[in-house]
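Novice: coordinates for the following, if possible.
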Amino acid sequence: MDDTDEIKESAKNHSKILAKLGTELSEIQFNFKVLDKTSADYWQKRIEHFKKYHKKGMEYYAEAHLLMSLVEKENAGLFLLSMSKLRQLGAKLIEILEKVKENPTIMSSKDKQQSRWSKELKEELIQYSNKNIQLEKEMNVKFREFYDKHLKKLLE
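Specialist: The predicted model follows:
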């Protein structure tokens, strides 16, 4: 078997794994919208849900990276940097969610006398939720373009 056949076979295997992970990830469906919920239990469940989603997402992107690295190392390296950034953003979001869980009343939109800290934490939560979803969208676009350009023909 020559290198091209090995790459094709490996790409097919990684594609199957990626498809399975994509299905699992879509079943988790984390909603990044920030709601005015003031229950510590709600925020604990949200943290657990995000951790599950983020872990599966990192598995998905790791598999996408492996698939990319079969064909083009430079793009794969750039994608790996995005994965690192996503891991950092996810860790920061979890940290913020933990702070909200400790003091969930800061999320009340009815409280007109919120402290500066409360307002800043709420804004930070929104900011990091948006950063996470935006980076995921960018990574998905990059992978889709890469797939269309380099892998589609290889896998047919």
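
Novice: pLDDT below threshold where in the protein?
Specialist: Counting by pLDDT under 70, the ranges of the chain that qualify are 1-2, 111-113.

Novice: can you map out the helices along it?
Specialist: Assigned helices in the chain, in chain order: 3-28, 40-71, 73-102, 116-146, 152-155 (criterion: DSSP state H).

Novice: how near is the closest residue to Leu125 other than its chain neighbours to Leu21?
Specialist: Counting by C-beta to C-beta, 6 or more residues apart in numbering, Leu125 lies nearest to Ile96, which is 5.0 Å off, once chain neighbours are set aside. All C-beta spots, glycine's among them, are computed from the backbone N, C-alpha and C. Here the distance between Ile96 and Leu21 works out to 26 Å (C-beta to C-beta, to the nearest Å).

Novice: please apply the same query to Ile47.
Specialist: Taking C-beta to C-beta, one finds Ile47 at 22 Å from Leu21.

Novice: can you check Ser118 too?
Specialist: Taking C-beta to C-beta, one finds Ser118 at 38 Å from Leu21.

Novice: and Met107, by the same measure?
Specialist: Look at Met107 and Leu21: by C-beta to C-beta, they are 32 Å apart.

Novice: ok, Leu89 next?
Specialist: Distance, Leu89 to Leu21, using C-beta to C-beta: 19 Å.
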